[in-house]
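*Asks:* Output the structure for:
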Amino acid sequence: LESIPYAVINGEALSVAAYGDVGYRASMDYDFLVPIKYSKEIKKVFFNHGYAEFLYDKDGNVRKPTRKEQIMLINAYPLTAFEKLTEDGIKLSFDFNTEIFWCEYRGKKIDIETFVSDAEEVEIYGVKLKTLTDVKCFIQTCLHHYKLMNSLFYLINPRKIVLSEGWFQDIYNLYKSRIYNKKHALEDFANEYKLQDEFFYMLYYT
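*Replies:* Numbers count the residues shown, from 1 in each chain. Prediction:
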């Protein structure tokens, strides 16, 4: 995927950014942020490496697409999850995000190719990958966690999201270690995209 603009997000990349090392966050897959126009190229790469596309049911469990869905997905642009089992039984799962906003968002859109264009190199378990710059990592993390906290999946399931998922801890540690002296860039973004309420929500409860 080196020829495709991307940034690794969440998971271990966020662990390094927020906590200074790997292993501080539970992670079940590898999340990438990519421009949607590269969807077909990404699918081709993963199919060539033995991966299959997966969808999620209403409970968040992975399931294989039906034949009808497979036909639809061949020409569909949005990317689903890719999974495969290695020879020693390890499940590898990749999830691709083509947007940092949620489905209901109707404000100004952001160009993802531009957003990831200045991604910085980081080494995770000996592998060099590209991750978002400090401010963009904080923006993406805040919006990602806000989306999860306000999704129907979590709202209809009574659970304590404040501490059990560590979302506010991620925000706190990112802010304290990387954003404290870069507040103006964050403020400019919130004002440009009219996201003052969303960032206030995340920072207030953090």
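*Asks:* these two touch, right, Ile139 and Ile110?
*Replies:* No. Ile139 is beyond contact range of Ile110, at 9.4 Å (criterion: Cβ atoms under 8 Å). Using the backbone N, CA and C atoms, a C-beta is placed for each residue, glycine as well.
*Asks:* Which of those two has more residues huddled nearby?
*Replies:* Legend: neighbour count by other Cβ atoms under 10 Å for Ile139 and Ile110, higher for Ile139 (23 against 15).
*Asks:* And for that one, nearest residue in space, chain neighbours not counted?
*Replies:* Counting by Cβ to Cβ, 6 or more residues apart in numbering, Ile139 lies nearest to Phe189, which is 5.7 Å off, once chain neighbours are set aside.
*Asks:* Quick check, the one you found in contact with Cys142.
*Replies:* No. Phe189 is beyond contact range of Cys142, at 9.9 Å (criterion: Cβ under 8 Å).
*Asks:* These two: which has the busier surroundings?
*Replies:* Remark: of Phe189 and Cys142, Cys142 carries more neighbours, 27 against 17, as counted by other Cβ under 10 Å.
*Asks:* Pull the contacting residues for the more buried one.
*Replies:* Going by Cβ atoms under 8 Å, 6 or more residues apart in numbering, Cys142 touches Ile171, Glu198, Phe199, Met202, Leu203.
*Asks:* repeat for Ser93
*Replies:* Met28, Asp29, Tyr30, Phe54, Val62, Ala81, Phe82, Glu83.
*Asks:* Just give me the neighbour total for His144.
*Replies:* Residues lying near His144 (other Cβ under 10 Å) number 21.
*Asks:* Looks to me like it is in a helix.
*Replies:* Yes. Counting by DSSP: H, G, I helix; E, B strand; the rest coil, His144 is part of a helix.
*Asks:* Look up how far Lys68 lies from it.
*Replies:* 30 Å (Cβ to Cβ, to the nearest Å).
*Asks:* what's the answer for Phe32, then?
*Replies:* From Phe32 over to Lys68 (counting by Cβ to Cβ), the distance is 27 Å.
*Asks:* between those two, which one's more packed in?
*Replies:* Just comparing Phe32 and Lys68: by other Cβ under 10 Å the higher neighbour count belongs to Phe32, 23 against 8.
*Asks:* Give me the pLDDT value at that one.
*Replies:* Note on Phe32: pLDDT of 95.
*Asks:* I'd like the next helix or strand past the helix or strand that contains it.
*Replies:* Phe32 belongs to strand 30-33 when assigned by DSSP states H and E. As assigned by DSSP H and E, the chain's next helix or strand after strand 30-33 is helix 39-48.
*Asks:* How about residues contacting stretch 132-141?
*Replies:* Here stretch 132-141 makes contact (Cβ under 8 Å, 6+ apart) with 7, 9-10, 13-14, 17-18, 33, 100, 115-116, 118-120, 131, 170-171, 174-175, 178-179, 182, 185-186, 189.
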